[in-house]
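Novice: Based on what follows, work out the 3D shape:
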Amino acid sequence: MANFDGPGFAMVDGYWIQTKAIDVEPSTDISPYLSRLLEDCVWNGNRAIVFDLYWDVKSINTKSEWRLSSVKLSTKNLCLFLRLPNPFTDHLKDLYRFFASKFVTFVGVQIEEDLVLLKENHGIVIRSSLEIGKLAAKARGTPIVEFLGTRELAHKILWYDMSRLDSIQSKWDEAGGNDRLEAAAIEGWLIYNVYDQLQQ
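Specialist: Numbers count the residues shown, from 1 in each chain. Sure, this is the predicted structure:
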């Protein structure tokens, strides 16, 4: 079984998030980690995996070329951060299959552009996705909520104190790997809890 042996972080509700960061090489097998995420989301009952994508953009003449550079995936208990190779190669078929899973819903904030970029630039299609802002706007009857970022949305729905995340995010460029992993774990946990709250 894949071992999430990165640092663990305690959330404000007492939950402990275990992390793993991987620099993906052609020889790296990420499938055990993806399987562990699937197991955790099924075990927790709501079959949701929170995702966030990061892109490198290169301008060629008048056109921009987008390349997926890293992926953050979170469940109730786990956070996986994958730094992807350049060039993005076919050996990542496990990631393609993972996103194509019909057994889970991939939940994210402001994901419409990401979904289009995934398909156009890498041929990756997420079969079941949910824009959490749209769900929150509908559930709360407040259209403006749809356009909020992670922290603002979590504050509106959960009323959590965001100062811990703000302090980590403000140091993102100079922060060490553990600070970045903590920010990733907190953000994934926040969106997971927003989704959970809105399902009730």
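Novice: gap between V109 and D52?
Specialist: Separation of V109 from D52 (Cβ to Cβ, to the nearest Å): 8 Å. Every C-beta, even on glycine, is put in place using the N, C-alpha and C of the backbone.
Novice: Now do the strands in the protein.
Specialist: Assigned by DSSP state E, the chain shows strands spanning 8-10, 16-23, 48-60, 63-74, 78-83, 105-108, 129-131.
Novice: Need those in JSON lines (columns: mean neighbour count).
Specialist: Formatted as JSON lines, these follow (neighbours: other Cβ atoms under 10 Å):
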{"stretch": "strand 8-10", "mean neighbour count": "15"}
{"stretch": "strand 16-23", "mean neighbour count": "18"}
{"stretch": "strand 48-60", "mean neighbour count": "16"}
{"stretch": "strand 63-74", "mean neighbour count": "18"}
{"stretch": "strand 78-83", "mean neighbour count": "22"}
{"stretch": "strand 105-108", "mean neighbour count": "21"}
{"stretch": "strand 129-131", "mean neighbour count": "17"}
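Novice: out of those strands, nearest to R36?
Specialist: With respect to R36, and counting by Cβ to Cβ, the nearest of these is strand 78-83 at 6.7 Å.
Novice: chain center to the closest one: distance?
Specialist: The chain centroid and the centroid of strand 78-83 are separated by 8 Å under Cα atoms, centre = their mean, to the nearest Å.
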